[in-house]
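1. sequence and computational prediction follow.
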Amino acid sequence: MLGNFATLLGHRGYLGYALIVACAYSGIFAFISGSSFLLIEVAGLSPEAYGFCFAAAVLGYMIGTLISGRFGQRLGQERTLALGVAVVLLSGAAGLGLALAGIMGVAAVVAPVGGYLVGCGLMLPNALAGALRHYPRMAGAASSLMGFLQMSVAAAVGIGVGQLHDGSAVPMAGAIAGAALACLLSLLLLVRPGNRHDAAHRA
């Protein structure tokens, strides 16, 4: 098992896809960890109203997965993944900009996260498929390692958001923006070079 894990982590493409999944999910976990403090304690929403806001944000993920399922085959896996990365990057930057400007309204918190989750809906299915396609005979090991990375990174980010909570949206928004940037770097530095290497090897 450890040998399989070492082989997987040594593959640039697999590692890039796995990190995209882990980083994207860590942004979601940052919202899960920080949004209740912001929207209930700071913005003064009732728990019931917070539930509706949470559902509205999650609707973004549903929209993203629907778009991915409907147009993903036409666009191709890599283009759909890149589109998702662009959406999370723009949404994360918008959320951080609003937080740094001190804009704390419900829409200023929920709307950027909804956009981020649209991007996650575009990214995650394609990143999961991309990671598993490299080693189909080790699909179980590849899936379990990816799940471990996903939950470990997300847990660390969630703890960080909680520890840095200062009554503003900056820690949560900063974590989401950082997660989006990490997705971009994983795509540019690991996924694309890894895929080019595989294509050259097959040729």
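-> Received, thanks.
2. what's the distance between the nearest residue to residue 34 once chain neighbours are set aside and residue 83?
-> Leaving aside its chain neighbours, residue 34 sits nearest to residue 172 (3.3 Å; criterion: CB to CB, 6 or more residues apart in numbering). C-betas here are computed from N, CA, C, even on glycine. Distance, residue 172 to residue 83, by CB to CB, to the nearest Å: 24 Å.
3. ok, the residue nearest to residue 34 - contacts?
-> For residue 172, the contacting residues are 30-31, 33-35, 38, 99, 161, by CB atoms under 8 Å, 6 or more residues apart in numbering.
4. let's see it at 10 Å
-> Shown in contact with residue 172 (CB atoms under 10 Å, 6 or more residues apart in numbering): 27, 30-35, 37-38, 95-96, 99, 109, 113, 157, 161-162, 164-165.
5. cool, and residue 61?
-> Counting by CB under 10 Å, 6+ apart, residue 61 has contacts 28, 114, 116-122, 124.
6. quickly find the element holding the residue nearest the centre of the chain.
-> Nearest residue to the geometric centre of the chain (CA atoms, centre = their mean): residue 24, 1.2 Å. Secondary structure from DSSP states H and E places residue 24 in helix 12-36.
7. residue 115 is in contact with residue 57, correct?
-> Yes - using CB atoms under 10 Å, residue 57 is in contact with residue 115, at 9.3 Å.
8. what is the neighbour count of residue 169?
-> Counted with other CB atoms under 10 Å, residues neighbouring residue 169 total 29.
9. distance of residue 43 relative to residue 96?
-> 18 Å.
10. off-centre distance for stretch 101-112?
-> Distance of stretch 101-112 from its chain centroid, counting by CA atoms, centre = their mean, to the nearest Å, is 19 Å.
11. buried residues, that stretch. List them.
-> The neighbour-count check on stretch 101-112 (16 or more other CB atoms under 10 Å) flags 104, 106, 108-112 as buried.
12. quick one, what contacts the closest residue to residue 181 other than its chain neighbours?
-> Leaving out its chain neighbours, the residue that sits closest to residue 181 by CB to CB, 6+ apart is residue 89, at 6.9 Å. By CB under 10 Å, 6+ apart, the contact set of residue 89 is 116, 119, 177, 179-181, 183-184.
13. all set now, cheers.
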